[in-house]
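Participant: sequence and computational prediction follow.
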Amino acid sequence: MKLKDNYLLLLVLVCFAIFFVNLDAIYVNIMEARNFITAREMVTMNHWIFTTINGEPRYEKPPLPTWLTAISMMLFGMKSLFALRLPAAIMGSLLVVYLYKISLRLTAHRKFSFVAGLIGATSFYILLSGRDGQWDIFTHAFMTMGIYLLLKTFQNEEHLYQNALGAGLFIGFSFLSKGPVSMYALLLPFLIAYGIVYRYRSFKKIWPALLLVIIVTVIVSASWSLYVYFFDTHDVSRITGREAGRWLDYNVRPFYYYWSFFVQSGIWTLPAFVALLYPYLKNRVFNKPAYKFALLWTLISVILLSVIPEKKSRYLLPVLIPLAMNTAFYMEYLFRRFDMMPRKESWVVYFNFILIAVIGIAFPFAGIIYFKEKLGDIWPWFLMTSVCLLSIGIFILIFLKQKKIKPVFYLSVWFIISIVFFGLPMAGKIETNPHYRSIRSVDAYIEKYSLPIFELKGFTPEIIWEFGKPIKVLWNGENYELPEKNRFLLLATEEQEKEISEIFRNYIAKKIDEIDMNPVGNTHKERLFRELYLIQKTNKK
């Protein structure tokens, strides 16, 4: 088989280009810092089961992704960002591969499945999550793998019980990654949509296998949660109660907040929207039942997520999985009929891809104006990015004029790959904070004075991650636990200066340095800024 016809291999190569290249280009964000701290404390403090962050219990999230990240740490080193994000990149790739497999099983159409995989890999939140050390990509990737094996079970394929066992394991792994999130947002919509379209015709034959799926899922899902509950009941109950309350009163958004969900697919926004227009597309697709299934899977997922009061844009990640398949039906139709489409249908296609072309062509000129003095630091990457995007933009316009939509589609994928290859290395060199000062600079004071260091009230994950070990927080949630030592170092925010004078009335508080870990110069986040104090007790009462 020629390489151009080996769609699965090509898809794997695209995943490598999108998820693995320049994986360490962007600085660590707050969600990553939390997860990396927990993984580091697994390795350095042996907290593999009773997981911690900054030395305190962290049971909000199950530990499977953290275990995988900790193992990567042990293999490749704790300071390698590539190693820390490698498990997420692998899971992003597996998600795309199994999206291809699900599409192929439902349609038996290899090129369509390849297109669905490409759309999934280049959809904004899937791409972002697969390059980011946060756990959403794990739970939804494991669930996608479980759904594929569950689909094989529904279709009464050979090796029925092996498929059922695998489905149960992967669905359980999904739960061990982020609780029931993917069960609710991805699996339940799949089951409803499949039941409506395909009606579980073989249920009488496969019910023992489905029972096996349920049993294995429950055992795997409950294993860690029950263990920590029995051996650390107090902390589990406290954390569970706090997290349950956040679902009802934290980041509450209106029901319609997710209605623009298709925008999260990035460069596929307009094709994704058109693919949702069932009356328009239903008689144009090559496989109407599969299209109806993908559409229902997408819409039911959005509806179920909309019911939950707490809403964030990144929670739409599971929607993008069936949405990629749904969009692929529209793209496949364009492959067949674009050169014969009337203008009233084709204008949206021209608009979408001309916009991508214009961005590519404009990048070199806009970049020269925007980057200005910093071009000297980034010129090799800027030059390569400009050449690639300019060339892609020009060729998109040429092929659009010729009404050849296939190369336009593949050039759009190359547009994203070019940004990953050549654009991302510029990110760490532009808009850097000239006043950046790492928390590691306090090591000199710790060594000079031979004193411990504390945080006044709360901690910032990025700071703890950079520091390399836990920093005890004096505020315990009810009052301040003052150190027994007469002298110590203290980190506090600018806003806490008055608090310090009140709390440490019998101490001399001397500000000796400032820590500014804001990576970007034009953005100042208070939580990334600290003042360092030398606190010394006096004889006053």
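Facilitator: That came in fine, so what should we check first?

Participant: okay, CA-based contacts and neighbour counts for the rest of this
Facilitator: Will do.

Participant: where in the stretch 151-300 of the chain is pLDDT low?
Facilitator: 242-250 (pLDDT under 70).

Participant: and the helices in it, which stretches?
Facilitator: 160-178, 181-182, 188-198, 203-231, 233-249, 269-275, 278-281, 288-307 (DSSP state H, counting those that start in this stretch).

Participant: sec struct for L489, please.
Facilitator: Classification of L489 by DSSP: H, G, I helix; E, B strand; the rest coil places it in strand.

Participant: who's it bridged to?
Facilitator: I453, L534 (DSSP bridges).

Participant: one step back: adding distance to L383 and mean neighbour count, write the helices of the stretch 151-300 of the chain out as TSV.
Facilitator: Listed next are the helices of the stretch 151-300 of the chain as TSV, based on distance: least, C-alpha to C-alpha, whole Å; neighbours: other C-alpha atoms under 10 Å:
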stretch	distance to L383	mean neighbour count
helix 160-178	41	25
helix 181-182	42	22
helix 188-198	45	18
helix 203-231	50	16
helix 233-249	47	13
helix 269-275	28	21
helix 278-281	42	12
helix 288-307	40	21
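
Participant: a markdown table for the ones you listed, including distance to M325?
Facilitator: A markdown table is the format used below for the helices of the stretch 151-300 of the chain (distance: least, C-alpha to C-alpha, whole Å):
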| stretch | distance to M325 |
| --- | --- |
| helix 160-178 | 21 |
| helix 181-182 | 18 |
| helix 188-198 | 13 |
| helix 203-231 | 25 |
| helix 233-249 | 30 |
| helix 269-275 | 10 |
| helix 278-281 | 14 |
| helix 288-307 | 6 |
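
Participant: what's the closest of the ones you listed to I102?
Facilitator: helix 288-307 (10.6 Å; C-alpha to C-alpha).

Participant: between the closest one and helix 188-198, how many degrees?
Facilitator: 150 degrees (axes from the mean of the first three to the mean of the last three C-alpha atoms, to 10 degrees).

Participant: and the helices of the stretch 151-300 of the chain: which comes nearest K457?
Facilitator: Among the helices of the stretch 151-300 of the chain, helix 233-249 sits nearest to K457 (C-alpha to C-alpha), with 18.6 Å.

Participant: can you say which of the helices of the stretch 151-300 of the chain is nearest to M145?
Facilitator: Across the helices of the stretch 151-300 of the chain, closest to M145 is helix 160-178 (C-alpha to C-alpha), at 6.4 Å.

Participant: that closest one packs against which elements?
Facilitator: helix 64-76, helix 136-154, helix 181-182, helix 203-231 (3 or more C-alpha pairs under 8 Å, 6 or more residues apart in numbering; DSSP states H and E).

Participant: list of residues touching that helix?
Facilitator: Applying C-alpha atoms under 8 Å, 6 or more residues apart in numbering, the contact partners of helix 160-178 are 61-65, 135-136, 138-143, 145-150, 152-153, 180-183, 206, 209-210, 212-221, 224.

Participant: and of the helices of the stretch 151-300 of the chain, who's closest to L534?
Facilitator: That would be helix 233-249 among the helices of the stretch 151-300 of the chain, by C-alpha to C-alpha, at 33.0 Å.

Participant: quick one: which of the helices of the stretch 151-300 of the chain is nearest R527?
Facilitator: Of the helices of the stretch 151-300 of the chain, nearest to R527 by C-alpha to C-alpha is helix 233-249, at 21.0 Å.

Participant: tell me where the model's unsure across the stretch 401-541 of the chain.
Facilitator: Along the stretch 401-541 of the chain, segments meeting pLDDT under 70 span 428, 431, 521-522, 539-541.

Participant: can you point out the buried residues in the helix or strand encompassing P407?
Facilitator: Assessed by DSSP states H and E, P407 sits inside helix 405-418. Within helix 405-418, the residues scored as buried using 16 or more other C-alpha atoms under 10 Å are 405-406, 408-409, 411-418.

Participant: ok now that helix, how far from the chain's centre?
Facilitator: Taking C-alpha atoms, centre = their mean, to the nearest Å, one finds the center of helix 405-418 at 23 Å from the center of the full chain.

Participant: separation between H140 and I303?
Facilitator: 18 Å (C-alpha to C-alpha, to the nearest Å).

Participant: tell me the pLDDT at the nearest residue to G120 once chain neighbours are set aside?
Facilitator: Leaving aside its chain neighbours, G120 sits nearest to A324 (5.1 Å; criterion: C-alpha to C-alpha, 6 or more residues apart in numbering). You'll see A324 listed with a pLDDT of 98.
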